[in-house]
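[1] With the input below, show me the fold.
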Amino acid sequence: MSEQTESVDLFIIGGGINGCGIARDAAGRGYSVALAEMNDLASATSSGSTKLFHGGLRYLEFFEFRLVREALIEREILLRAMPHISWPMRFVLPTYKEMRFESDTPTSRLLSLVMPWMKGRRPNWLIRLGLFMYDHLGGREILPGTSKVDLSVAPEGTPLKEHLVKAYEYSDCWVEDARLTLLNARDARARGANIMVRSKVIGAEFDGTHWQVSVETNDGHPRVITAKMLVNAGGPWVEDVIKQRLKLQTKESIRLVRGSHIVVNKLYDHDKCYFFQGEDGRIIFAIPYEEDFTLIGTTDAEHSDPYTKPECSVAEADYLRAFAGQYFKKPIEADDIIWTYSGVRPLYNDGASSATAATREYVLRVNKTAGGPVLNIFGGKITTYRRLAESALGHIDETLGRDTETWTAGVALPGGDFPVDGVKVLRDTLLKQLPFFEARTIRRLIRQYGTEAPGIFAGAQTIDDLGENFGQDITAREIDWAIQHEWVHCAEDFLWRRSKLGLRVNDEQAKRLGDYISKQVRKR
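    Residues are numbered from 1 along each chain as shown. Just a heads-up that it's a prediction; the model follows:
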């Protein structure tokens with residue numbers, strides 16, 4: 001079988017948030033772009049986060065002020081660009097005298113040196129100082145600042161143990177991480193990028209002027225793509241790409257850190273999150289999730305091999321249950337866990353003594369040891385993906401001799417072209433258009449598709465007009481649209497990354513949906 005050939009300016013390896021964000025930015029600047037993802041978009045780290053746009057309050061203890069400031073500024077830029085998949089949330093941080101630092105943070109070491117009687121403690125004044133910095137480092141415009149909460153009378157204190165009587169409340173944002181990645185890929189494609197899923201880069205050689213990239217697709221058609229420059233956004237596989245696929249020489253490496261989460265039935269009735277501090281100095285979040293559940297995470301555990309699927313171990317689940325149990329009145333039992341998931345953070349290896357202390361800063365390096373230019377992406381966090389992409393384009397411009405302009409700040413992602421406070425108006429409009437759907441389904445469709453939802457279901461007078469119903473109001477009309485526009489190839493793609501309806505469908509419904517998707521994909 002003859003090989004298909006294509007020539008582009010930029011070839012990106014990896015369809016996580018960094019790869020898709022760079023593809024979107026580059027395509028919007030006029031670069032010709034191809035991207036290859038060996039599995040589904042956001043199938044690894046970018047669907048395994050704690051799903052927050054946040055500055056990283058705890059990173060202040062590591063003196064990562066630049067990272068925190070950048071992330072805080074980005075929260076509101078991103079919120080405006082995607083108000084369907086991201087929204088403000090308030091976080092309740094209970095305080096008590098016995099709160100502890102992790103012992104190897106720079107702040108802990110400094111405090112122990114100048115105030116030895118405070119060794120290991122995280123005093124209330126330090127928390128308030130951190131929150132003051134958090135409020136003011138990023139120049140808030142939309143999100144409200146910190147306030148005090150009297151847990152003895154406030155509803156936020158109801159599910160908590162009686163000794164917890166004081167708390168602070170501050171702002172951050174929720175984000176649907178897998179859909180964020182997907183929408184960047186969709187926008188990149190709309191601007192001319194070639195987005196290839198289930199397409200593995202098996203090697204690349206530089207011929208003196210261009211890279212010849214060999215791609216193995218799941219349809220059995222080999223492809224060679226010619227590119228002026230490569231971007232290695234392989235996430236957990238970035239080092240594997242460097243050494244095995246591209247044969248580059250470098251001393252830089254990554255540290256794989258697994259973050260695990262558990263999901264349980266809803267633990268409380270209000271819509272705020274909790275920020276809990278543990279006796280070991282670590283922190284976890286308890287977050288309202290998909291209306292009927294509570295998400296608890298995350299851990300920091302070393303992960304040795306990117307090809308080993310990250311899974312929440314029994315020990316990690318027990319740790320999260322016990323951690324949350326220090327705060328909630330009602331113990332969380334092992335049988336209460338509905339679902340678990342894990343993601344591997346590919347952190348830049350800065351030699352830190354523990355996984356928790358490893359830097360969350362991203363590092364970008366252009367490497368030419370194999371002849372042609374390769375931009376390697378180390379680290380990064382979901383909140384700063386857009387800024388990382390801008391930084392990457394700075395390196396790409398310099399390498400390829402171009403001078404392009406930044407453009408992504410404030411530009412809406414697909415479905416996000418409405419005001420931050422406009423979700424209710426959209427929901428009401430769709431409810432009138434589709435009165436046969438439950439209110440829960442309408443809320444889900446707006447959160448999933450934003451302003452695209454009315455068009456997806458245009459012309460339907462009854463639910464029967466939407467074709468087969470696979471349960472939970474998942475209809476053939478929606479699935480056909482997702483196959484055409486969102487690279488859905490199997491039930492898992494739709495149930496766990498395009499949505500989280502896997503939490504609600506039963507095995508028979510999931511199988512029926514999978515059979516339908518397989519049949520429709522074969523027709524294409």
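[2] Next one: the residue positioned nearest the centre of the chain from K519, what distance?
    In the chain, the residue lying closest to the centroid (Cα atoms, centre = their mean) is D177, at 3.4 Å. Separation of D177 from K519 (Cβ to Cβ, to the nearest Å) stands at 29 Å. Placement of C-beta: from N, CA and C, glycine included.
[3] what is the rounded mean pLDDT of stretch 415-435?
    Mean pLDDT, computed over stretch 415-435, is 96.
[4] Please point out which parts of it sit buried.
    Buried residues in stretch 415-435, counting neighbours by 16 or more other Cβ atoms under 10 Å, are found at 415-418, 420, 423, 426-427, 430-431, 434.
[5] same question, stretch 284-296
    By 16+ other Cβ under 10 Å, the buried positions in stretch 284-296 come out as 284-290, 293-296.
[6] Quote the end-to-end distance of it.
    7 Å (Cα to Cα, to the nearest Å).
[7] Tell me how far it lies from the chain's centre.
    Stretch 284-296 has its C-alpha centroid displaced from the chain centroid by 16 Å (Cα atoms, centre = their mean, to the nearest Å).
[8] Output the below-cut-off pLDDT ranges for this structure.
    Within the chain, the ranges that satisfy pLDDT under 70 run 1-4, 58-63, 98-126, 351-360.
[9] Unless I misread the structure, K247 falls within a strand.
    No. Membership of K247 in a strand is not supported by DSSP: H, G, I helix; E, B strand; the rest coil, which gives coil.
[10] May I have the residues that are in contact with the closest residue to it other than its chain neighbours?
    If you skip the residues right next to it in sequence, K247 has A370 as its closest partner in space, 5.6 Å away by Cβ to Cβ, 6 or more residues apart in numbering. If a contact means Cβ atoms under 8 Å, 6 or more residues apart in numbering, then A370 has 206, 246-249 as its contacts.
[11] farthest pair in those residues?
    The distance between the two most remote of those (Cβ to Cβ) is 13.5 Å, for F206 and Q249.
[12] Pick out whichever of those two has more residues nearby.
    When F206 and Q249 are compared on other Cβ atoms under 10 Å, the one with more neighbours turns out to be F206, at 17 against 10.
[13] Where do the helices of the stretch 101-250 of the chain begin and end?
    For the stretch 101-250 of the chain, the helices identified by DSSP state H, counting those that start in this stretch occupy 106-114, 124-136, 177-190, 238-240, in order along the chain.
[14] just to revisit the earlier point, closest one to M38 out of the contacts of A370, please.
    Comparing these against M38 with Cβ to Cβ places L246 closest, at 14.7 Å.
[15] count of neighbours near the closest one?
    Other residues close to L246 by other Cβ under 10 Å number 24.
[16] separation between it and I332?
    For L246, the distance to I332 - Cβ to Cβ - is 45 Å.
[17] Turn the buried residues of stretch 284-296 into TSV, columns for distance to L347.
    Rendered in TSV, the data for the buried residues of stretch 284-296 read as follows (distance: Cβ to Cβ, whole Å):
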residue	distance to L347
I284	19
F285	19
A286	24
I287	22
P288	28
Y289	25
E290	28
F293	28
T294	27
L295	22
I296	22
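[18] Show me the two of these that sit farthest apart.
    I284 and E290 (18.5 Å).
[19] mind listing what R504 touches?
    R504 sits next to 471-472 when contact means Cβ under 8 Å, 6+ apart.
[20] Over to it: give its phi and psi.
    Geometry field for R504 lists phi and psi as phi -120, psi -30, criterion degrees, to the nearest 10.
[21] Run through the residues that contact the residue nearest to L137 when sequence neighbours are not counted.
    Closest residue in space to L137, ignoring its immediate chain neighbours: R69 at 4.4 Å, by Cβ to Cβ, 6+ apart. R69 makes contact with 55, 137-138, according to Cβ under 8 Å, 6+ apart.
[22] By neighbours, which of these wins?
    G55 (28 neighbours).
[23] Tell me the buried residues in stretch 6-26?
    Neighbour count says stretch 6-26 has 6, 8-26 buried, by 16+ other Cβ under 10 Å.
[24] mind checking how far the residue lying closest to G48 once chain neighbours are set aside is from D464?
    With Cβ to Cβ, 6+ apart as the measure, G343 is the residue that lies nearest to G48, at 2.1 Å, once sequence neighbours are left out. For G343, the distance to D464 (Cβ to Cβ) stands at 40 Å.
[25] Which one's more surrounded, the two?
    G343 (23 against 11).
[26] quick one, what contacts the more buried one?
    Under the criterion of Cβ under 8 Å, 6+ apart, the neighbours of G343 are 44-49, 258-259, 310.
[27] right, and out of the residues you listed, which lies closest to A510?
    Closest approach to A510 among the contacts of G343 (Cβ to Cβ): S47, at 17.5 Å.
[28] Report how many residues lie close to the residue nearest to that closest one when sequence neighbours are not counted.
    Sequence neighbours aside, A178 is the residue nearest to S47 in space, at 4.0 Å (criterion: Cβ to Cβ, 6+ apart). Per other Cβ under 10 Å, the neighbour tally for A178 reads 26.
[29] Also R90?
    18.
[30] From C273, how far out is it?
    The separation that R90 has from C273, given Cβ to Cβ, amounts to 7 Å.
[31] swap in H395?
    Taking Cβ to Cβ as the measure, H395 falls 36 Å from C273.
[32] Those two: who's more crowded?
    Legend: neighbour count by other Cβ under 10 Å for H395 and C273, higher for C273 (22 against 16).
[33] isn't that one right next to F91, touching?
    Yes. Applying Cβ atoms under 8 Å as the test, C273 and F91 come out as touching, 4.7 Å apart.
[34] intersection of neighbour lists for those two?
    Residues touching both C273 and F91 (Cβ under 8 Å, 6+ apart): 172, 285.
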